[in-house]
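Trainee: pasting the structure only:
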């Protein structure tokens, strides 16, 4: 078994040895800011053969971001020539590749390296990182940026193993499998399905869309940027920054309704229903597509062509529950057999099982997922009591339903940088959040969540098995920035 420090070419023996897990938005952003802050002794562990995370993995037709690109990008690496208001996955992926190249991160990345477990050695104040290839590395600090959107959610439907056709999840799209002229069943109507259904409906002979719960939908209003607009963004000082700021505060304004302030929430709900009425003339289909829960309780989706795709002659929306999958199709609760040769799951991701299947053992030998046991309690979504010198990026309760998570990631990155700076100045090597501070933070967060849309009673992927919401930040993003603007040393054991 190979044993080595994460970074073998240390330029400063006093500089901590840092390990970043995951090379998606979080990991790449963390690495850039470490370099900009004077840290060079770090390595990114990436399980795949390239960087990009979610935007590398998701290549299904129509895959795009629901946040405008000028905001869904790093504030310290802005891009002037986005092709659209809402860019597709390939352009975001290329943006991340360009970040790695520009900031010369290649030598800091270990690709095809899957971390199996991490253990904290209290006697040495150091983490041991083990990989599936039987290697062991050591680091002083762990910064985990694996994020929640990497474990496909495939429902355990009876008979699924008997299906003789092609079956795959949207995040594992089989581009070699031809859909043209085929009979396709799409199970699920989450954000991914709403994007790929309009892209495939004109190619297939028949499309059966199985909907468990209707989604609130608003128009995307996407458009291409003209050459002149891109030139202005690049060459006229201040325009690009002002536009980014405008998008940010516009999203925060929409957040008043999404979060659940009654007057604005009711207005948004009425606007969504008007959009549905304008797009869908058939009253029966419109009834099937009308949610019966408060808007904002589940993720709100955006699309300009989803409703239209469900009204094509070869498309059928099925709301009867699925009973089983047979060798040739899907059986619904009304006894009808829906023949198909391809099944595509648009059922999203398992977001409540953070970090699995990776095992993380803290200072007392406790494994993190066992400690959470159906919950995911942390401090600021960054630190976990009993897991010293360990930071999370985009951890529990830092997801958003109304604005860009890149804003949240950057706030966490800056918090970690400030923590490292404090430790360096204070000549300390050990940091662990106090349990009582973590409990106070979690109690306050859950109380706030119950007051708003997320606590209004719907069954959402935001919720864990115990019914608590460990996914969403309970409010506006400036409040999170305010809480993370300084390293809160009083909330930590430091030695």
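Mentor: Received it, and whenever you're ready, just let me know what you need. Since this is a predicted model, take the numbers as computed values, not measurements.
Trainee: where along this structure do the helices fall?
Mentor: For the chain, the helices defined by DSSP state H cover 25-36, 54-57, 89-102, 191-200, 227-235, 239-259, 262-279, 283-288, 306-309, 368-372, 405-426, 435-451, 477-484.
Trainee: Identify whichever of those helices lies nearest to residue 116.
Mentor: Taking C-beta to C-beta, helix 368-372 is the member of the helices of the chain nearest to residue 116, at 13.5 Å. From N, CA and C alone the C-beta is placed, and that goes for glycine too.
Trainee: Name the residues of the closest one that come out as buried.
Mentor: 368-369, 371-372 (16 or more other C-beta atoms under 10 Å).
Trainee: Please apply the same query to stretch 34-48.
Mentor: Within stretch 34-48, the residues scored as buried using 16+ other C-beta under 10 Å are 34, 39, 41-48.
Trainee: Closest one to residue 454 out of those residues, please.
Mentor: For the buried residues of stretch 34-48, the nearest to residue 454 is residue 47 (31.1 Å; C-beta to C-beta).
Trainee: The closest one and residue 53, how far apart?
Mentor: 10 Å (C-beta to C-beta, to the nearest Å).
Trainee: ok, now residue 401?
Mentor: Counting by C-beta to C-beta, the gap from residue 401 to residue 53 is 20 Å.
Trainee: Comparing these two, which shows the higher neighbour count?
Mentor: Set residue 401 next to residue 53 and count neighbours by other C-beta atoms under 10 Å: residue 53 wins out with 24 against 20.
Trainee: how's the protein carved up into domains?
Mentor: As given by automatic domain parsing, the domain ranges for the chain are 2-151+351-494, 160-216+298-345.
Trainee: picking that back up, in TSV: the helices of the chain, plus distance to residue 215.
Mentor: TSV is the format used below for the helices of the chain (distance: least, C-beta to C-beta, whole Å):
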stretch	distance to residue 215
helix 25-36	25
helix 54-57	20
helix 89-102	20
helix 191-200	7
helix 227-235	31
helix 239-259	14
helix 262-279	10
helix 283-288	12
helix 306-309	9
helix 368-372	29
helix 405-426	20
helix 435-451	20
helix 477-484	23
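Trainee: Let me see the contact set for the residue nearest to residue 117 when sequence neighbours are not counted.
Mentor: Once flanking residues are discounted, residue 117 sits nearest to residue 359: 3.9 Å by C-beta to C-beta, 6 or more residues apart in numbering. Contacts for residue 359 (C-beta atoms under 8 Å, 6 or more residues apart in numbering) come out as 116-118, 367-369.
Trainee: Including distance to residue 486, could these go into JSON lines?
Mentor: Below are the contacts of residue 359 laid out as JSON lines (distance: C-beta to C-beta, whole Å):
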{"residue": "116", "distance to residue 486": "35"}
{"residue": "117", "distance to residue 486": "33"}
{"residue": "118", "distance to residue 486": "28"}
{"residue": "367", "distance to residue 486": "31"}
{"residue": "368", "distance to residue 486": "26"}
{"residue": "369", "distance to residue 486": "30"}
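Trainee: from those, which is closest to residue 170?
Mentor: residue 369 (25.6 Å).
Trainee: Model confidence for the closest one, exactly?
Mentor: According to the prediction, residue 369 has pLDDT 87.
Trainee: quick one: it and residue 362 touch, right?
Mentor: No: using C-beta atoms under 8 Å, residue 369 makes no contact with residue 362, being 11.4 Å away.
Trainee: So the closest residue to residue 306 other than its chain neighbours versus residue 360, what's the distance?
Mentor: What sits nearest to residue 306 in space, not counting adjacent residues and going by C-beta to C-beta, 6+ apart, is residue 194, at 4.7 Å. In this view, residue 194 and residue 360 are 34 Å apart by C-beta to C-beta.
Trainee: One more: residue 417?
Mentor: Residue 417 is 22 Å from residue 360, where distance means C-beta to C-beta.
Trainee: between these two, which one's more packed in?
Mentor: Between residue 417 and residue 360, counted using other C-beta under 10 Å, the more crowded position is residue 360 (25 against 18).
Trainee: got a list of what the more buried one touches?
Mentor: With C-beta under 8 Å, 6+ apart, residue 360 has these contacts: 117-118, 144, 367-369, 387, 390.
Trainee: in this protein, which helix or strand is least confident?
Mentor: In the chain, no helix or strand scores lower on mean pLDDT, DSSP states H and E than strand 2-5, which sits at a mean of 54.
Trainee: Could you check the pLDDT of residue 412?
Mentor: 98.
Trainee: Could you check what's spatially nearest to it, not counting adjacent residues?
Mentor: In space, residue 412 is closest to residue 393, 5.0 Å off (C-beta to C-beta, 6+ apart).
Trainee: Let me know whether the one you found touches residue 409 as I believe.
Mentor: Yes: with contact defined as C-beta under 8 Å, residue 393 and residue 409 form a contacting pair (5.8 Å).
Trainee: which stretches of the stretch 301-450 of the chain have low pLDDT?
Mentor: 351-354, 356 (pLDDT under 70).
Trainee: Could you rerun that using 90?
Mentor: 347-357, 369-375 (pLDDT under 90).
Trainee: what does the stretch 101-250 of the chain give?
Mentor: 147-155, 190.
Trainee: how about a cut-off of 80?
Mentor: The stretch 101-250 of the chain contains residues with pLDDT under 80 at 148-151.
Trainee: ok so, going back, the residue nearest to residue 117 and residue 16: what is the separation?
Mentor: In terms of C-beta to C-beta, residue 359 sits 23 Å off from residue 16.
Trainee: now residue 332
Mentor: Going from residue 332 to residue 16 by C-beta to C-beta gives 57 Å.
Trainee: again with residue 308
Mentor: Taking C-beta to C-beta, one finds residue 308 at 54 Å from residue 16.
Trainee: These two: which has the busier surroundings?
Mentor: A count of neighbours by other C-beta under 10 Å puts residue 16 above the other of residue 308 and residue 16, at 17 against 14.
Trainee: what's near enough to touch that one?
Mentor: Neighbouring residues of residue 16 by C-beta under 8 Å, 6+ apart: 39, 41, 140-141, 420, 423-424, 429.
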